[in-house]
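K.L.:
below are the sequence and a predicted model; questions follow.
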Amino acid sequence: MPDTLVDVEQLSFAHGQGAHQRWVLTDITLEIRSGELAVLTGPSGSGKSTLLTIIGGLRSANKGSVRVLDRQLIGAKESDLERLRRQVGFIFQQHNLAPALSLAQNIQMGMQHSDGHKSDDAAARIQSIAARVGLDDHLHKPPSQLSGGQQQRAGIARALVQSPKLILADEPTASLDRTSGQMVMDLFREFAAAGSAVILVTHDKRVLDQADRILHLEDGQLVPAVDQLMHDTSEGLKKLMHIDAPRLGRMMSVGQALAQVALADGKVDAEERIAMREALTQRKIFSGAELDLIVDLALAQAQAWLQTSASEEGMQDLQRAVEAVALADDVVTEEERAVIRGLLRKPPA
Ligand code: ADP
Ligand code: MG
C-alpha cells in the first residue's frame, strides 16, 4: 500500500481577523499518496493557491488537520515548517530567479536546502535536470538572457534538482508552449513513478487528461468529482446542441435505442461496448468520435438504469419524477399512463 504523503482533514482557513475575517477554505478533506499526480482546478479566487501554500507549510492554518510527509502542520513550530519546506519542490507562477546569478547557480539554490549532498555530484545533478527541461545549453546565462518560458522552466529545474518527495506546482505550464509543457509533464510523471506525489494547479486541458486524480475547488470547497463531471458533460452537450441539433438528436436516439438493446439481457458488460462499436462501424453511419459518444451514452444510460431499477429507492425517485413531468400540463392522458407503466416496469433479470 503506497504511503500517504498528504493527509488533510476538515481544514478551514480564513484571511484576516475579527470583522475583516473572510473564509477562503472550508472543510477540506483530501489524501494524496506516493505515486499520484493530482490536478487541482477551480475558478480564479476559489482558493487553489491558498491550499497549496498551506500544504507546503508556507502559510499556517489553525482549523483541522494537515499532515504532510508525516508531520502535523497545524500548530507546528516555525522550525518544523522550515524543515518541511526544504523537502517540498515548489513551483510558482512567478519564478523569482536571482538576476545576478547564472542559471546553474539559480538551480543550485534549490539544493542549498537539502541536507547532506556532496558538491561533486551537485554539478552533475544540475546538468541533468537542466537537460530534462531543455536548458543544458544555457547554464552560464543570467535569467535576463532567457525567454519567459525558459525562465519558467529554470524555476522548475530549481524546484526538482533535489528530487523532492512532494511537488507543489501552481500553473507551471501556463507560459510554456506545447512541447515544453509536455516535457514538464513527463518529468512530473517520472517523479510520481519514482514514488513522489505531485499536486498541480492548472486549467490546461491537455494536463487534465494526464492526471491520476482531479480535485475541483469551488468557493473554497472541494466539489465531488462526479458533480463536476456531470456539470461539464451537461455543458458539453449544450454546446453540441448549438452546433448541430439534428445530428445530436439522431446520436442521442441511437444511443437510447442501443441502451435498451444492451439491457435486453439484464446485464451490461465490456463485450457490449465492443459489439456496439463493431456494428456501428460496419454501417459507416457515424464518425469515430460520434460513435464513441453514442456508445458511451448508451452504456452510461444502461448502467444507470440497471442501478436505478435495482433499488426500491431509485424506482420511487423515478416514479415521482415521471409523474411530476406527466402532471406538468395538468392532464395525464392514457398514453402517458402507458409510457409511465412501461418505464417503471423492471427490465428482465
Ligand atoms: P486561486 O489560486 O484559486 O485563484 P487564491 O487562493 O489565490 O485563489 O485566493 C482565494 C481567495 O483568498 C480570493 O478570494 C483572494 O481574494 C483571497 N486572498 C488571497 N490572499 C489574500 C490575503 N492576503 N488577504 C485577504 N484575502 C486574500
Ligand atoms: Mg492562484
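P.N.:
That came in fine, so what should we check first? Numbers count the residues shown, from 1 in each chain. Ligands and ions are numbered 1, 2, ... in the order given.
K.L.:
Three-state assignment for the residue sitting nearest the centre point of the chain, please.
P.N.:
In the chain, the C-alpha closest to the average C-alpha coordinate belongs to residue 214, at a distance of 2.1 Å (Cα atoms, centre = their mean). Here residue 214 is recorded as strand under DSSP: H, G, I helix; E, B strand; the rest coil.
K.L.:
enumerate the beta-bridge partners assigned to it.
P.N.:
In this entry, residue 214 is beta-bridged to residue 39, by DSSP bridges.
K.L.:
mind giving me the packing neighbours of the helix or strand hosting residue 260?
P.N.:
Here residue 260, judged by DSSP states H and E, is contained in helix 225-263. Contact analysis of helix 225-263 by 3 or more Cβ pairs under 8 Å, 6 or more residues apart in numbering; DSSP states H and E lists strand 213-218, helix 270-283, helix 288-310 as its packing neighbours. C-beta coordinates here come from the backbone N, C-alpha and C atoms, glycine included.
K.L.:
how about that helix, which residues are buried there?
P.N.:
Residues 228, 248, 251, 252, 254, 255, 258, 259, 262, 263 are the ones in helix 225-263 that count as buried (16 or more other Cβ atoms under 10 Å).
K.L.:
so can I have CSV of those showing distance to residue 242?
P.N.:
Below are those laid out as CSV (distance: Cβ to Cβ, whole Å):
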residue, distance to residue 242
228, 22
248, 9
251, 15
252, 15
254, 20
255, 19
258, 24
259, 24
262, 29
263, 31
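K.L.:
contacting ligand 1 as well, which ones from the residues you listed?
P.N.:
When contact is defined as Cβ under 6 Å from any ligand atom, the buried residues of helix 225-263 do not meet ligand 1 at all.
K.L.:
lowest pLDDT pick from these?
P.N.:
pLDDT across the buried residues of helix 225-263 is at its lowest for residue 228, which sits at 75.
K.L.:
tell me which residues touch the nearest residue to that one once chain neighbours are set aside, please.
P.N.:
Nearest non-adjacent residue to residue 228, counting by Cβ to Cβ, 6 or more residues apart in numbering: residue 216, 4.5 Å away. Residue 216 makes contact with 40, 41, 42, 222, 223, 225, 228, according to Cβ atoms under 8 Å, 6 or more residues apart in numbering.
K.L.:
of all those, which comes closest to residue 276?
P.N.:
residue 225 (26.0 Å; Cβ to Cβ).
K.L.:
so that closest one makes contact with residue 214?
P.N.:
Yes. Using Cβ atoms under 8 Å, residue 225 makes contact with residue 214 at a distance of 6.1 Å.
K.L.:
quick one: residue 326 from ligand 2, how far?
P.N.:
48 Å (Cβ to the ion, to the nearest Å).
K.L.:
so how many other residues sit close to that residue?
P.N.:
Using other Cβ atoms under 10 Å, residue 326 has 17 other residues around it.
K.L.:
residue contacts, it?
P.N.:
The contact partners of residue 326, taken as Cβ under 8 Å, 6+ apart, are 332, 336, 337, 340.
K.L.:
ok, now with 6 Å
P.N.:
By Cβ atoms under 6 Å, 6 or more residues apart in numbering, the contact set of residue 326 is 332, 336.
K.L.:
which helix or strand lies directly C-terminal to the helix or strand it falls within?
P.N.:
Assigned by DSSP H and E, residue 326 belongs to helix 312-327. Proceeding N to C from helix 312-327, the next assigned helix or strand is helix 334-344, under DSSP H and E.
K.L.:
spatially nearest residue to residue 317, not counting backbone neighbours?
P.N.:
Spatially, and ignoring its direct neighbours in sequence, residue 317 is nearest to residue 308 (7.5 Å; Cβ to Cβ, 6+ apart).
K.L.:
okay, now the unreliable bits of the stretch 101-250 of the chain?
P.N.:
Scanning the stretch 101-250 of the chain for pLDDT under 70 picks out the ranges 112-120.
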